[in-house]
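**Q** 3D, please:
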Amino acid sequence: MKRIFLLLATTFALTTFTFAQDAPTTVHAPAYEGRIEYQKTQQPVAIIELPYSQDVVDKGIKDYMGKRGYKSSSTKGFDVFRSAKFDDNSESNDLYFKTDRKSRKEKDVTVITLLPAKPNQDILTRIGDSSVNDKIAAAKSFLDNLVPYLDAHNTDVQVNTQQEALKKAQKNLTGLQDDQLSLEKKQRNLIADQAQNKTDILKQTQDITNTVTSDDNVKNKAQKKMNKLLDEQDNLNKKLRKVQSELDQNKIDQDKQTQEVQKQQQILDAFKAKQKTN
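**A** Below you'll find the predicted structure:
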């Protein structure tokens, strides 16, 4: 029974996960210019909102920049890539990235803020810098171009996560199949015990008949043994009914879990199909 309750809890968790992961599509608005407060100043930045979790975005940005040869350092809530270029033709900039979950309700939507500055420039001196507008425009373009990579990275994460979900569903199904084998073995043993007990009852019936002329003590012993055999027969019948009930429930659980495995496989196939197109 503990396995059944664990199965139901896991199935609920997996179902919740799969609904959250359905329809692997990406919809986002273009990057736009905004402002961020920095040491009591309002600094112009490029912003984009993406339908990925914050962890996925953080890892994706670092992977993307790392493949271009840049490593990050942390400062005042930003991940900074020093002397980085937006593209091969652009000048070097210090790129300050900041990611935030959009809201509690939209925890899978991440806001990326990108503050570009001249190498080693004090951010407070950006205000009034004539090059800021051009840098913001370039930063917006950079974020828009970053989206396909983050989308592909997100899909890779979804595939890995979904593979784990499928493994758990398959493991639960295997557990139920093992339970079935154990229950069937238990059922066979009980049937054998029941058959032997019936044989013992017939033999004891004959023994009681043979004690008709015996004294009361012998008769009582024979009857006591018979009562014990009859009680054992009732007990075996109850155990058999219980095992049969558990087998019936196990079949229902296996059918449901088989459907769950198929569902998890379909979702994984959808993510893999998207993965091939990235």
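**Q** which parts of the chain are helices?
**A** 2-21, 54-67, 132-210, 216-277 (DSSP state H).
**Q** can you redo those helices as a markdown table with mean neighbour count, mean pLDDT and distance to residue 30?
**A** In this view, the C-beta of every residue, glycine as well, is placed from N, C-alpha and C. Rendered in a markdown table, the data for the helices of the chain read as follows (neighbours: other C-beta atoms under 10 Å; pLDDT from 0 to 100; distance: least, C-beta to C-beta, whole Å):
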| stretch | mean neighbour count | mean pLDDT | distance to residue 30 |
| --- | --- | --- | --- |
| helix 2-21 | 13 | 41 | 25 |
| helix 54-67 | 17 | 96 | 17 |
| helix 132-210 | 16 | 96 | 6 |
| helix 216-277 | 14 | 95 | 21 |
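**Q** of those, which is nearest residue 111?
**A** Residue 111 lies closest, by C-beta to C-beta, to one member of the helices of the chain: helix 54-67, at 9.0 Å.
**Q** setting aside sequence neighbours, what's the nearest residue to residue 92?
**A** If the residues on either side of it in the chain are set aside, residue 92 comes closest to residue 83, at 4.4 Å by C-beta to C-beta, 6 or more residues apart in numbering.
**Q** burial measure for the one you found, as a count.
**A** 13 (other C-beta atoms under 10 Å).
**Q** spatially central residue in the chain, please.
**A** Nearest to the centroid of the C-alpha atoms of the chain, with distances taken as C-alpha atoms, centre = their mean, sits residue 165, at 4.9 Å.
**Q** and of the helices of the chain, who's closest to residue 91?
**A** When these are compared (using C-beta to C-beta), the closest one is helix 132-210, at 9.2 Å.
**Q** residues in contact with the residue nearest to residue 92?
**A** Residues counted as contacts of residue 83 (C-beta atoms under 8 Å, 6 or more residues apart in numbering) are 92, 93, 94, 119.
**Q** that one and residue 70, how far apart?
**A** In this structure, residue 83 lies at 8 Å from residue 70, with C-beta to C-beta, to the nearest Å as the measure.
**Q** do residue 278 as well
**A** Applying C-beta to C-beta, the value for residue 278 to residue 70 is 22 Å.
**Q** same question, residue 115
**A** When residue 115 is compared with residue 70 (using C-beta to C-beta), they lie 16 Å apart.
**Q** ok, now residue 44?
**A** Between residue 44 and residue 70 the computed distance is 22 Å (C-beta to C-beta).
**Q** next: residue 189.
**A** Relative to residue 70, and taking C-beta to C-beta, residue 189 is found at 68 Å.
**Q** got it, and residue 145?
**A** Separation of residue 145 from residue 70 (C-beta to C-beta): 15 Å.
**Q** coming back round to it: right, and the helices of the chain - which one's nearest residue 34?
**A** The stretch from the helices of the chain with the least distance to residue 34 (C-beta to C-beta) is helix 132-210; that distance is 9.3 Å.
**Q** the closest one vs helix 54-67, what angle?
**A** Taking axes from the mean of the first three to the mean of the last three C-alpha atoms, to 10 degrees, helix 132-210 and helix 54-67 form an angle of 130 degrees between their directions.
**Q** got a list of what residue 48 touches?
**A** Taking C-beta under 8 Å, 6+ apart as the contact definition, residue 48 lies against 28, 29, 30, 31, 32, 111, 112, 140, 143, 144, 147.
**Q** burial count for the closest residue to the second one other than its chain neighbours?
**A** Spelled out, that is residue 29. Closest residue to residue 29 in three dimensions, ignoring its sequence neighbours and counting by C-beta to C-beta, 6+ apart: residue 49, at 6.5 Å. By the other C-beta under 10 Å criterion, the neighbourhood of residue 49 contains 16 residues.
**Q** cool, and residue 122?
**A** As a burial measure, residue 122 scores 8 neighbours (other C-beta under 10 Å).
**Q** what sits against it?
**A** If you count contacts by C-beta under 8 Å, 6+ apart, residue 122 has none.
**Q** so what pLDDT did it get?
**A** On pLDDT, residue 122 comes in at 91.
**Q** do residue 1 as well
**A** With respect to pLDDT, residue 1 has a value of 43.
**Q** doesn't residue 230 make contact with residue 201?
**A** Yes - taking contacts as C-beta atoms under 8 Å, residue 201 lies within contact range of residue 230: 6.9 Å.
**Q** quick check: the residue nearest to residue 29 vs residue 249, distance?
**A** Here the distance between residue 49 and residue 249 works out to 47 Å (C-beta to C-beta).
**Q** cool, thanks, signing off.
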